[in-house]
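Asker: could you work out the structure for the sequence below:
(2 chains)
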Amino acid sequence: MTFLSRHRIILPVVSLAVLLAATFYMQPRAMSYFGLNLLFNLAVPIALATIAQMMIIMVNDIDLSLGAFVSLAACVTATFLNDTPMIGLLILLALILSYAVLGALIHALELPAIVVTLGMSFVWSGLALFILSSPGGASPGWLRTLMTVKPPFAPMAVVAAVIIAGVTHLLIIRSGLGTVLRGVGGNARSVERAGWPVIRLKALAYGLAGLFGVLAGMALVGLTTSADANIALRYTLLSIAGVILGGGEFTGGKVSPVGAVIGALTLTLAASFLSFMRLSPDWQIGAQGAILILVLTARLIFSRKGAEA
Amino acid sequence: MSDHETAPIVTLTDAARHFGPVRALDGVSLSVAPGDCIGLVGHNGAGKSTLVNLVNGGLAPSSGEIRFPGGASALEAGVRSVFQELSLCPNLTVAENLRISHSALKGPGWRTRARAEISESLNTIFPGHGIDPNAEVDTLSIAQRQMVEIAIGFAPRGTQARLVILDEPTSSLDAGIADQLLAHVKRFCGSGGAVIFISHMLGEVFDVASRIVVLKDGKVVAERITADFTRQGLVDAMGHVTTETATTETARAHGPQVVQTEQGLTARKGEVVGLSGLAGHGQAEALAKLYLSRSSSWRSRKVPDVVFVAGDRPRDGVLPLWSILRNISISILQQGAKRGLVNREAETAIAADWKSRIGIRTDDVTNPILSLSGGNQQKVLFARALASPAQVVIMDDPMRGVDVGTKQDVYAMIRAEAAKGRTFLWYSTETEEVCQCDRVFVFRNHEISAELTGADITEERILQASFEMQEAS
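Answerer: A predicted model of the protein is given here:
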């Protein structure tokens, strides 16, 4: 057992630190309260979406509808939650509930989550278009205030990331229920044999994913002040990449909430870094992919070495 | 506890369980009282697993009755089971695994309490185990995982363990650890607990059991106290007539050397070479390394050089979604193929041939592989390897959880194939199997500590070589 494979969190931290150092080297002015806030502002909704994806990956499934779902949540937030808060809140709660029901269905009917969520992504997208057929809406005032608050010492984005990481770490890693949820990903049969209702646990995991998906949509509207039915479609793949970058595995219930948040920060930073490099936008997506592959390769090499030792 | 000190923990009256037309269990009556240690023996597919699942409440009987006088359910009555296939969550730590089966562990500080409870249980059963309760289970060896599972089975978990079902608990443990377990089982039963002990190692059953129940085709065919059974009588009751010792084969001249590794592992053509020593001392790694060095990941040859029979069936053996037929024919698709297409007739013929040669118990080879019991799945893996023309067969503890009858069949087949010129490299945790080999390499600490041939292959010599250096240091 090497140090690195025992502490899986080190590699994500190092990746983020290296990228941050490189960014500061390219653009020293980013090394300020205001600069950091600009760099990481959009990381908050991505971090929340990554946590949502992590809940699903934790129980050995994958969610391909997350981007569409976050878009829908954003559209509801920018319209109903702004105009008629009660109805807006009810719709958002219904969305979370429908995620939980989806989880129960996927388990009860033994459906492949990848297919069900792919199908659901069209449902969510359709609903979003139905609510907001052209970009528009407005952010509720309190949400805008919350997302632009200026806490002392560290910018909002950094504080929010720390809070998200802390709360989900307590929930998933430290709490007994979180342990059982991870157990479902590790060996669902043994959890079932121990007398747990796995269908409820799966519904809970999906419900939590729905909750964080809704929070991601709300955070996004708080930042951008308006919504659009396609606003967060990129989030599906970004969130999956974030979970894996943060040291999670696709199967086996191996996830790390702190790592997932760091992964989301790394992904956001990678985009800014490439802008600072004055790379043409045409190449940016490809370069972002290259960074992703680089980090994942490093991780694979380290974990191989760990297994050999 | 005092008012039901002598009342049975579980009583089955004429319990039966059918899966469709299959009568897995066909009317079994059994009563387990405190202090009982029941040895449950029978072939693969005799109904042991079904019986266990009825007793632990995992399945409801199709007919008949199961009562737990000590509580409403199996869980409440203190019935625990330790399963044959490893059933821990590999992504969680040892202590967190205890939490899975101990729902009363709640509130702040539950981790500390879980660590204390599992450590205590491990210390009681396996003194000197060296397992860190904070270690993630997938960093532990198979033997250590089995130890953790057993410790969780015996841990108090808020109530008290009254009946612990051990299904092949020693199959992945080495002799020393297995002895610790057997000693604990005796202590546990002596202090008023009960154990149902399932093992294919009859020596162990005779050692711990106070009563032996023999299952055959879903029925109890014999139930007597242990002293009334003899080894041969027990084997006869199970239904397979087997000879106590393998037929003594005449020393044969072996061909040229076909295997040679850096470690010093050698084998000649037509030889059965055993790898022995304590579990987890590098035997499996040596075989895997040998196999990978002799096969290419890029190019598959028409006639493979080596084939591999896996012991860890779910991990590197069966293709769970495929039929029995496909599972057998995967190794020979290349030979029968015409212009890249599978030759279906040849495939079917070979599967039918091996089904009868190795005795796979199924009506139809197109059934899914998972419809077979563990031992029969292992037969399929043997068929897969032997059906290919490869001259070197590598076997990584292939008899794990396989019944006595099947073992005898397979021994005979290995002998016959070796006589035809194939070479076998056979790692086994059971000394009895190793003694069937022509030559044995004993491993210790990932090195070969002894090479035994002919009359030197005895249990004493193997044990000596496994422990020798430990005593010296």
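
Asker: and the residue of chain A found nearest chain B, how many neighbours?
Answerer: The nearest approach of chain A to chain B comes at A:Gly186, 3.2 Å away (Cβ to the nearest Cβ). Glycine gets a C-beta too; all of them are placed from N, C-alpha and C. Counted with other Cβ atoms under 10 Å in any protein chain shown, the burial measure for A:Gly186 works out to 28 neighbours.

Asker: that one sits in which helix or strand?
Answerer: Using DSSP states H and E, A:Gly186 falls within helix A:176-193.

Asker: chain center to that helix, what's the gap?
Answerer: 22 Å (Cα atoms, centre = their mean, to the nearest Å).

Asker: and stretch B:353-369, average pLDDT?
Answerer: Taken as a whole, stretch B:353-369 has an average pLDDT of 83.

Asker: so where is chain B shaky, pLDDT-wise?
Answerer: B:1-5, B:20-22, B:43-45, B:84-86, B:239-253, B:279-280, B:297, B:299-302, B:401, B:467-473 (pLDDT under 70).

Asker: related to what we said a few turns ago, can you give me the distance of the closest residue to the residue of chain A closest to chain B other than its chain neighbours to A:His107?
Answerer: Spatial nearest neighbour of A:Gly186, chain neighbours left out: B:Cys89 (3.2 Å); criterion: Cβ to Cβ, 6 or more residues apart in numbering or on different chains. Distance, B:Cys89 to A:His107, using Cβ to Cβ, to the nearest Å: 17 Å.

Asker: could you do B:Asn445 as well?
Answerer: 45 Å.

Asker: who has more neighbours out of the two?
Answerer: A side-by-side neighbour count of B:Asn445 and A:His107, using other Cβ under 10 Å, places A:His107 first with 22 against 11.

Asker: count of residues packed around the residue nearest to that one when sequence neighbours are not counted?
Answerer: In space, and not counting its chain neighbours, A:His107 is closest to A:Lys202: 4.3 Å by Cβ to Cβ, 6+ apart. Counted with other Cβ under 10 Å, the neighbours of A:Lys202 add up to 26.

Asker: going on from the host helix or strand of A:Lys202, what's the next piece of helix or strand?
Answerer: In this structure, A:Lys202 sits in helix A:198-224 according to DSSP H and E. Following helix A:198-224 in sequence order, the next helix or strand is helix A:235-245 (DSSP H and E).

Asker: remind me what the following helix or strand past that next one packs against, helices and strands.
Answerer: Sequence-wise, the next helix or strand downstream of helix A:235-245 (DSSP H and E) is helix A:257-276. Helix A:257-276 is packed against helix A:10-26, helix A:33-40, helix A:43-58, helix A:156-168, helix A:235-245, helix A:281-308, with contacts defined by 3 or more Cβ pairs under 8 Å, 6 or more residues apart in numbering or on different chains; DSSP states H and E.

Asker: and the helix holding A:Lys202, which residues are buried?
Answerer: By 16 or more other Cβ atoms under 10 Å in any protein chain shown, the buried positions in helix A:198-224 come out as A:198, A:201-224.

Asker: if you average pLDDT over it, what comes out?
Answerer: Averaged across helix A:198-224, pLDDT comes to 96.

Asker: and the host helix or strand of B:Ser49, does that touch chain A?
Answerer: Assessed by DSSP H and E, B:Ser49 sits inside helix B:48-55. No: no part of helix B:48-55 sits near chain A under the criterion Cβ under 8 Å from any Cβ of the partner chain; the closest distance found is 9.6 Å.

Asker: determine how far the following helix or strand past that helix lies from the middle of the whole chain.
Answerer: Of the helices and strands lying after helix B:48-55 in sequence (DSSP H and E), the nearest is strand B:63-67. How far strand B:63-67 lies from its chain's middle: 29 Å, per Cα atoms, centre = their mean.

Asker: partner strands of the helix or strand just after strand B:63-67 and their direction?
Answerer: Using DSSP H and E, the helix or strand that follows strand B:63-67 in sequence is strand B:79-82. Take DSSP bridges as the rule and strand B:79-82 pairs in its sheet with strand B:163-167 (parallel).

Asker: buried stuff in stretch B:347-359?
Answerer: Within stretch B:347-359, the residues that qualify as buried are B:Glu347, B:Ile350, B:Ala351, B:Trp354, B:Lys355, B:Ile358, counting by 16+ other Cβ under 10 Å.

Asker: dump the residue contacts of the second one.
Answerer: I take that to be B:Ile350. Contacts for B:Ile350 (Cβ atoms under 8 Å, 6 or more residues apart in numbering or on different chains) come out as B:Ile328, B:Ser329, B:Ile332, B:Gly336, B:Ala387.

Asker: for the last one, same thing?
Answerer: With Cβ under 8 Å, 6+ apart as the criterion, the residues that contact B:Ile358 are B:Lys379, B:Phe382, B:Ala383, B:Leu386, B:Asp409, B:Val410, B:Met413.

Asker: tell me the SS of B:Thr11?
Answerer: strand (DSSP: H, G, I helix; E, B strand; the rest coil).

Asker: from the chain's centre, how far out does stretch A:197-207 sit?
Answerer: Per Cα atoms, centre = their mean, the displacement of stretch A:197-207 from the mean C-alpha position of its chain is 19 Å.

Asker: CA atoms only: put it into CSV for me.
Answerer: Output in CSV follows, covering the C-alpha atoms of stretch A:197-207 (Å, rounded to 0.1, in the frame of the first residue of the first chain):
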residue,chain,number,x,y,z
PRO,A,197,-34.4,-2.2,1.8
VAL,A,198,-32.2,-1.5,-1.1
ILE,A,199,-35.0,0.0,-3.2
ARG,A,200,-35.4,2.8,-0.6
LEU,A,201,-31.7,3.3,-0.4
LYS,A,202,-31.5,3.7,-4.2
ALA,A,203,-34.4,6.1,-4.2
LEU,A,204,-32.6,8.0,-1.5
ALA,A,205,-29.5,8.2,-3.5
TYR,A,206,-31.4,9.4,-6.6
GLY,A,207,-33.4,11.8,-4.4
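
Asker: show me the contacts for residue 97.
Answerer: Going with chain A. Here A:Leu97 is in contact with A:Gly207, A:Gly210 (Cβ under 8 Å, 6+ apart).

Asker: hmm, I had chain B in mind actually
Answerer: Counting by Cβ under 8 Å, 6+ apart, B:Asn97 touches A:Gly183, B:Leu88, B:Cys89, B:Ile118, B:Val137, B:Val148, B:Ile152.

Asker: skipping adjacent residues, who's closest to whichever residue of the stretch 351-473 of chain B sits closest to chain A in space?
Answerer: For the stretch 351-473 of chain B and chain A, the shortest gap (Cβ to the nearest Cβ) falls at B:His446, measuring 12.8 Å. Among residues not flanking B:His446 along the chain, B:Gly282 sits closest, at 3.3 Å (Cβ to Cβ, 6+ apart).
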